[in-house]
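predicted structure and sequence below. I'll ask about it afterward.
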Amino acid sequence: MKTRFWVLHIVPILVGIIALGIVFPYWSYYELWSGKIIHLIYFQWFIYIVFTTYELRAVLKRLITRNDKNNSLEIWLLSVYFGILSIWLAYATSSFTSYIVGAISFSFFLYLLILIWFLKLNKDRLFFETKGKYENRKVKKDTIESIMGNLSTIEKKKLYQNPNIKLSDVASELNVVPHILSQVLNEHLGKSFSVFINEYRVEKAKKMLVENELYTIEGIGLDSGFKSKSAFFKSFKTITGTTPAKYRDSHRAI
């Protein structure tokens, strides 16, 4: 279904461009192409950018507010979005694009290739593997809704504070098969089970760092469910972008 959807966008555009090229050859109708046709292409390009902005509104909001960390797939989408937006701006608004647009395009796609390579090396994040891993295993809509609705049980019962908690433990608590829970977390939250649980632990730690001045940072990490100080520091820095000590100091100043 999704393939057909994209065909409806791509094929008419390709057919239209080919037809224009046959009826109005570029070198014979240079003024037409450099005038009306190119502006029409820019406008169509702009419309797709607007719709893309709407589709990525939640991802862009997280990027701007920094209330939550973007996952690897979202980083990829944002990179493509801002890269294409930059190229469109260079073509549509700059008078000197003919000299730099090639360099911009090359730099953009080179950056994407480096980004793909980097993300593939990051084993803690889910990227292209997610689709291949689950494409033949579909979860029923009512099952997804049930799991998503019951995830609050993890916080209510403070299951994340158990440093030895496993996927099977949470699945049992939610009365669902482990691999189904893992699939729902991956496909609908873009997170692995370990990242999902660690986010609860970090939220708990953030609260304790502010409210419990007498607690040591290591003690707070252990009370939040982390097995060790190093595991706590690593997850806290990954999720918040800062260290526990700096987080405490910044909120103490406030």
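Nice, I can see it. Numbers count the residues shown, from 1 in each chain.

dead centre of the protein: give me the residue that sits there.
The centroid of the chain falls nearest to E74 when counting by CA atoms, centre = their mean (1.6 Å).

just the helices in the stretch 101-250 of the chain please.
129-134, 141-150, 152-156, 167-173, 178-184, 193-211, 217-223, 229-240, 244-253 (DSSP state H, counting those that start in this stretch).

same list (these) but as TSV, adding mean neighbour count.
In this view, the C-beta of every residue, glycine as well, is placed from N, C-alpha and C. Listed next are the helices of the stretch 101-250 of the chain as TSV, based on neighbours: other CB atoms under 10 Å:
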stretch	mean neighbour count
helix 129-134	13
helix 141-150	13
helix 152-156	12
helix 167-173	16
helix 178-184	19
helix 193-211	19
helix 217-223	18
helix 229-240	18
helix 244-253	14
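
of these, which shows the lowest average pLDDT?
The minimum mean pLDDT among the helices of the stretch 101-250 of the chain belongs to helix 129-134 (a mean of 52).

point out where the stretch 1-150 of the chain drops to low pLDDT.
By pLDDT under 70, the low-scoring segments of the stretch 1-150 of the chain are 1-6, 66-73, 93-110, 112-113, 115-137.

hmm, 90 instead?
Flagging of the stretch 1-150 of the chain using pLDDT under 90 yields the residue ranges 1-49, 51-150.

what residues does the most far-flung residue of the chain relative to its centre make contact with?
Centroid-distance maximum for the chain: S28 at 45.7 Å, with CA atoms, centre = their mean. Going by CB atoms under 8 Å, 6 or more residues apart in numbering, S28 touches no other residue.

run the chain-centre distance for stretch 206-218.
Centroid separation between stretch 206-218 and its chain, computed with CA atoms, centre = their mean, to the nearest Å, is 30 Å.

so which of the helices of the stretch 101-250 of the chain is nearest R57?
helix 141-150 (20.1 Å; CB to CB).

and that closest one, how far out from the chain middle?
Averaged C-alpha coordinates place helix 141-150 at 22 Å from its chain's average position (CA atoms, centre = their mean).

using the three-state scheme, assign L32.
helix (DSSP: H, G, I helix; E, B strand; the rest coil).

phi, psi for the closest residue to it other than its chain neighbours please.
When the adjacent residues along the chain are set aside, L32 lies closest to F24, with 5.8 Å between them (CB to CB, 6 or more residues apart in numbering). Dihedral pair for F24: phi -120, psi 80, per degrees, to the nearest 10.

repeat that for K140.
phi -60, psi 150.

heads up, I number from 129, so please use that
Shifting the count to begin at 129 puts that one at K268.

neighbours of it, how many?
When neighbours are defined as other CB atoms under 10 Å, K268 has 9 of them.

what sits against it?
With CB under 8 Å, 6+ apart, K268 has no contacts at all.

please report the distance of it from L317.
18 Å (CB to CB, to the nearest Å).

fine, thanks again, bye for now.
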